[in-house]
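Undergrad: Provided below are the primary sequence and the corresponding predicted coordinates.
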Amino acid sequence: MAIAPVGGTTHALDRASAVVAASSLPVIIQGGMGVAVSGWQLARAVSSHGQLGVVSGTAVDAVMVRRLQLGDPGGDVRRALDAFPIPEAAARILDRYFIAGGKGSDTRFRAKPMIKVAPSRHVLDLVVVANFVEVFLAKEGHTGAVGINYLEKIQTPTLASLYGAMLAGVDCVLVGAGIPRAIPGILDGLAAGEKVRLRLDVKGSSAESEVVSEFDPSVYATGVLPRPLFLAIVSSHVLATMLARNAESSVDGFVIEAPTAGGHNAPPRAKGALTDTGEPLYGERDEVDLEAIRSLGRPFWLAGSRAEPTAIAAAIEAGATGVQVGTAFAYCDESGLDSTLKRQVIDASRQGRVRIFTDPVASPTGFPFKVVQMEDTLSDDGVYADRDRVCDLGYLRVAYIRDDQSVGWRCPAEPIDDYVAKGGAEEDTIGRKCLCNSLMAAVGLGQLRRSGLEEPMLLTAGDDVADVARFLPPGADTYGAADVINYLLAD
């Protein structure tokens, strides 16, 4: 028997109709900032005010099980689990991870399995259900559109993640940090109830020995699902052109991201070139040809330091539908960031002393990564040196082919001896930071280490964080998503 998804508005469309539908999306797209910074509370608030609220799909399975172990204050996760259309899958998760009243502050979070090429049913359940939960909660109580954001670099959970979000009726999927050429076709397949596959990036593999991830939706349900729109996040008109013309299924629109945006940035064309401060050097070759983008006939949004009414007007004048704004929303009341961190950054913004560093080596992905420089966080050299290297979440691990032709996993942020023993180069470990654990800590879900120390936080933001205090209402110390939207649309 077919199981109908909860919500959803975009059904199977031909390409022209999909482009028209994408063109009707709001002027403002709220950035999908992970881990759990762009949680369901933020996305719901933004969508309720008529713009596109976006949840982060990064590590949502770990986020869900840790929220359950904290006792699920407010009962939101459990309410969403009750709505999941396969009750036995939700019940298994609840039985395993929920702790009434929450775990003790001196107790470690129970670990969840890392995701491999062929995950177990338990791992699939976690990924499918977690994505459903986040989108379901974001869509509650309003009729606005909700999107979900994924990193192309995190591939093993992608298929199950997309399916879970589609079960909840997600309206739009956004993917960046890589070349998401396969995603549109996967969305088509899942919408039709078909088995889908994704070729994984595996070091040492070849066309003859490719490694693929597969997902069969019939394990959970049969029949069709609403097909969400797909927006590719790119930083190059060349990449946008390739995706528009050569993707397995056409892209419905683009977010054009400048290197001033937070999180991961695209590497500059001049590889290895650094500024005097040791940051990646961007130049004229990295500027996007908007005329080439316009010629593709797809709607597009500009991203990266666009949180001003004049910037929105300029984007629309340049042919864009609107802008994507992340950092401004990251420090509002509804974001998932630790409230103390938010207040510290807002206060520093008032005093003009926020420092952003585009770190060329922090991320295990090899992409430049924006880091807010703060004491007592992982950006502090002393904190970084004192932290024991560990890889127990594993979202940014890299797959490689072992000597026996099996698939192994390594991360340049894991213990150096372990990485080298797996064939990795020691120089690749220098300066690498465990984003998985430190970003979880930044949203109040950090692991307690066996040493008894709490996992240090790491904070990312775009260059625009230097002036986030401008969103504060008169006499206020904090601001909400509505304050940001009202500011941006004032003119």
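TA: Looks like it came in fine.

Undergrad: Distance across stretch 94-105, terminal residue to terminal residue?
TA: 20 Å (Cα to Cα, to the nearest Å).

Undergrad: swap in stretch 436-447?
TA: End residues of stretch 436-447 are separated by 11 Å (Cα to Cα).

Undergrad: now it: how far from the chain's centre is it?
TA: From the chain centre to the centre of stretch 436-447 is a distance of 14 Å (Cα atoms, centre = their mean, to the nearest Å).

Undergrad: which regions of the stretch 151-300 of the chain sit below the pLDDT cut-off?
TA: Residues of the stretch 151-300 of the chain meeting the criterion pLDDT under 70: 207-208, 222, 247-248.

Undergrad: in the stretch 351-491 of the chain, which spans are helices?
TA: 381-386, 416-421, 435-441, 481-488 (DSSP state H, counting those that start in this stretch).

Undergrad: For residue 224, which of those is the nearest?
TA: The minimum distance between residue 224 and the helices of the stretch 351-491 of the chain falls on helix 481-488, with 33.4 Å, by Cβ to Cβ. C-beta here means a position set from N, CA and C on the backbone, and glycine is covered the same way.

Undergrad: ok so, going back, quick one: closest of the helices of the stretch 351-491 of the chain to residue 212.
TA: helix 435-441 (23.9 Å).

Undergrad: Please tell me the pLDDT value assigned to the most far-flung residue of the chain relative to its centre.
TA: Here the chain reaches farthest from its C-alpha mean at residue 404, the gap being 33.8 Å by Cα atoms, centre = their mean. pLDDT, residue 404: 89.

Undergrad: What of residue 16?
TA: At residue 16, pLDDT is 66.

Undergrad: ok, now how distant is the residue farthest from the centre of the chain from residue 211?
TA: Distance, residue 404 to residue 211, by Cβ to Cβ, to the nearest Å: 14 Å.

Undergrad: got it, and residue 58?
TA: Taken as Cβ to Cβ, the span from residue 58 to residue 211 is 22 Å.

Undergrad: do residue 82 as well
TA: To residue 211, residue 82 is 37 Å away according to Cβ to Cβ.

Undergrad: neighbour-wise, which of these two wins?
TA: Using other Cβ atoms under 10 Å, the more surrounded residue of residue 82 and residue 211 is residue 211, with 16 against 13.

Undergrad: residue contacts, that one?
TA: By Cβ atoms under 8 Å, 6 or more residues apart in numbering, the contact list for residue 211 reads 117, 199, 200, 202, 205, 399, 407.

Undergrad: Break down the stretch 201-350 of the chain into its helices, ranges please.
TA: Counting by DSSP H, counting those that start in this stretch, the helices of the stretch 201-350 of the chain are 237-246, 290-294, 309-317, 327-330, 339-350.

Undergrad: right, so of the helices of the stretch 351-491 of the chain, which gets closest to residue 259?
TA: The nearest among those, by Cβ to Cβ, is helix 435-441 at 18.2 Å.

Undergrad: next one: the closest one to chain centre, how far?
TA: Worked out by Cα atoms, centre = their mean, helix 435-441 lies 13 Å from the chain centre.

Undergrad: other SSEs contacting that helix?
TA: helix 60-69 (3 or more Cβ pairs under 8 Å, 6 or more residues apart in numbering; DSSP states H and E).

Undergrad: for the helix it packs on, which positions count as buried?
TA: Judged by neighbour count using 16 or more other Cβ atoms under 10 Å, the buried positions of helix 60-69 are 60, 61, 62, 63, 64, 65, 66, 67, 68, 69.

Undergrad: ok, the residues you listed vs residue 127, which is closest?
TA: residue 61 (5.1 Å).

Undergrad: Now do the closest one against residue 132, distance only.
TA: Taking Cβ to Cβ, one finds residue 61 at 11 Å from residue 132.

Undergrad: same check, this time on residue 141
TA: Taking Cβ to Cβ, one finds residue 141 at 17 Å from residue 132.

Undergrad: quick one: residue 282 and residue 271 touch, right?
TA: No: in this structure residue 282 lies outside contact range of residue 271 using Cβ atoms under 8 Å: 11.8 Å.

Undergrad: Between these two, which has more neighbouring residues?
TA: residue 282 (22 against 8).

Undergrad: show me the contacts for residue 158.
TA: Per Cβ under 8 Å, 6+ apart, neighbours of residue 158: 150, 183, 186, 198, 213.

Undergrad: What count of nearby residues applies to the spatially closest residue to residue 384 that is not a sequence neighbour?
TA: Leaving aside its chain neighbours, residue 384 sits nearest to residue 378 (5.6 Å; criterion: Cβ to Cβ, 6 or more residues apart in numbering). A count of nearby residues for residue 378, using other Cβ under 10 Å, gives 24.

Undergrad: Next one: residue 378 from residue 458, what distance?
TA: Relative to residue 458, and taking Cβ to Cβ, residue 378 is found at 4 Å.

Undergrad: again, but for residue 417
TA: 23 Å.

Undergrad: go on, residue 399?
TA: Distance from residue 399 to residue 458, by Cβ to Cβ: 24 Å.
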